[in-house]
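Colleague: Give me coordinates for this.
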Amino acid sequence: MAERQYYLDNLRTLVILLLFPYHTCMIYNSWGETFYIHGQDLLIPSLFVGINWTWMMPTLFVIAGISSRYALRTRNLGQFAKERVSKLLIPLIFGILLIMPVQSYIAGLFWTGSAVYMESFTRVTDLSGYDGAFGVGHLWFILFLFVISMVSIPIMALYKKKGKGTFGARIPLALLILFGILPCIGNELFDISGKSPVEYLAYFLFGYFFVSQENILERLDRYRFQLLGLCIACFLVSQYFGGMFAEWVSWISVLAFLGIAIRHLNHSGKIWRYLSKSSFGVYLFHQSWIIVAAFFVFKLTDIPGLQIPLIIIPSVVLTYITYEGARRVSVFRWMFALKR
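Modeller: Prediction:
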């Protein structure tokens with residue numbers, strides 16, 4: 001599989017780059033989520049978010065599960081746990097201390113006209129930070145991934161001990177698709193501010209046990225367009241019934257996009273390598289720059305058609321400038337787990 005792993009990096013990269021328009025469009029959502037800054041309720045940005053939320057974060061958790069399977073081929077579980085601390089927990093802590101207060105402060109300025117920087121640490125509401133209080137914001141993904149990785153270690157240890165290296169390899173594709181009921185159940189069992197760690201644990205373990213198998217990857221490649229068609233059909237049915245079984249649609253979407261990525265994104269190059277290397281830093285920094293850019297752009301114009309590109313373009317530039325500056329300073333490199 002070593003020669004086929006580029007598609008994982010490239011798909012992860014595309015998902016993270018998509019977060020620039022995604023979180024910009026969140027500013028215009030029409031379902032009442034305040035976000036840090038809110039503009040007009042607009043249909044097209046809301047549809048963009050509604051379509052893409054179904055697959056983006058589940059894809060990242062499945063990729064994390066696959067990557068964990070590959071990582072444990074050359075690491076023991078102790079090394080894996082230590083690496084999760086350095087690559088997830090430490091950036092999470094410093095992200096909450098240094099990155100999130102920027103977003104919460106801007107939110108306070110936008111919604112009330114005044115803000116106290118320390119409220120980001122002293123006032124707690126729903127942990128989103130949308131109202132200027134303490135929050136984890138987009139760093140919820142890193143928090144969930146760290147906890148899920150730690151919780152999964154005993155399961156992975158048992159798996160390695162039993163030596164079941166081919167477990168899940170021969171599972172029929174139809175049955176794999178039906179496994180999508182498990183994230184649905186997980187979402188009903190436990191929910192934190194609209195996100196279920198049980199649901200994302202299921203995606204992670206699906207990636208680790210099943211989607212990392214060569215036989216399954218070959219079938220995803222072979223039936224990629226059929227899976228995409230099934231995904232679209234299920235999405236439309238789900239929307240017709242008010243979002244019922246949305247997590248199942250998410251799972252089918254992940255399978256479809258993995259199949260497409262295996263065939264069409266399994267390559268490398270200088271630009272792809274750079275984008276992959278910078279993707280974690282981009283994830284950390286991007287949303288703060290979107291919120292800052294939006295705050296000032298809203299003062300310049302009230303025309304959404306101008307606001308959206310004026311938010312996205314400078315936020316992309318400033319995010320990569322921040323990444324390039326941070327990765328050149330050893331202490332920042334350690335704090336945010338950036339590659340040199």
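Colleague: where in this protein is pLDDT low?
Modeller: Scanning the chain for pLDDT under 70 picks out 1-4, 114-122, 161-169.
Colleague: which stretches of it form strands?
Modeller: 124-127, 134-135 (DSSP state E).
Colleague: Could I get these in TSV, plus columns for distance to Gln79?
Modeller: To be clear about C-beta, it is placed using only N, CA and C from the backbone, and glycine gets the same treatment. Converted to TSV, the strands of the chain look like this (distance: least, Cβ to Cβ, whole Å):
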stretch	distance to Gln79
strand 124-127	31
strand 134-135	32
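Colleague: what about the longest helix in this protein?
Modeller: Scanning the chain for the helix with the most residues, using DSSP state H, yields helix 270-300.
Colleague: what's it packed up against?
Modeller: Applying 3 or more Cβ pairs under 8 Å, 6 or more residues apart in numbering; DSSP states H and E, we find helix 270-300 packed against helix 6-26, helix 100-112, helix 304-327.
Colleague: quick check: angle from it to helix 304-327?
Modeller: Computed by axes from the mean of the first three to the mean of the last three Cα atoms, to 10 degrees, the angle separating helix 270-300 from helix 304-327 equals 130 degrees.
Colleague: on that earlier part again, out of the helices and strands packed on helix 270-300, which comes closest to Phe204?
Modeller: helix 6-26 (13.9 Å; Cβ to Cβ).
Colleague: hmm, back to that, need the winner for burial among the strands of the chain.
Modeller: Highest mean neighbour count among those (mean count of other Cβ atoms under 10 Å): strand 134-135, with a mean of 22.
Colleague: What helices and strands are in contact with that strand?
Modeller: helix 100-112, helix 119-122, strand 124-127.
Colleague: Tabulate those in CSV, adding columns for distance to Gln287.
Modeller: Output for the helices and strands packed on strand 134-135, formatted as CSV (distance: least, Cβ to Cβ, whole Å):
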stretch, distance to Gln287
helix 100-112, 6
helix 119-122, 14
strand 124-127, 15
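Colleague: Now do the contacts for the residue most central in space within the chain.
Modeller: Central residue of the chain (Cα atoms, centre = their mean): Met57, 3.8 Å from the mean position. Shown in contact with Met57 (Cβ atoms under 8 Å, 6 or more residues apart in numbering): Phe141, Tyr200.
Colleague: thinking again about what came up before, enumerate the positions of the longest helix of the chain that are buried.
Modeller: Buried positions in helix 270-300, judged by neighbour count with 16 or more other Cβ atoms under 10 Å: 275-295, 297-298.
Colleague: And stretch 57-65, by the same measure?
Modeller: Within stretch 57-65, the residues scored as buried using 16+ other Cβ under 10 Å are Met57, Pro58, Thr59, Leu60, Phe61, Val62, Ile63, Ala64, Gly65.
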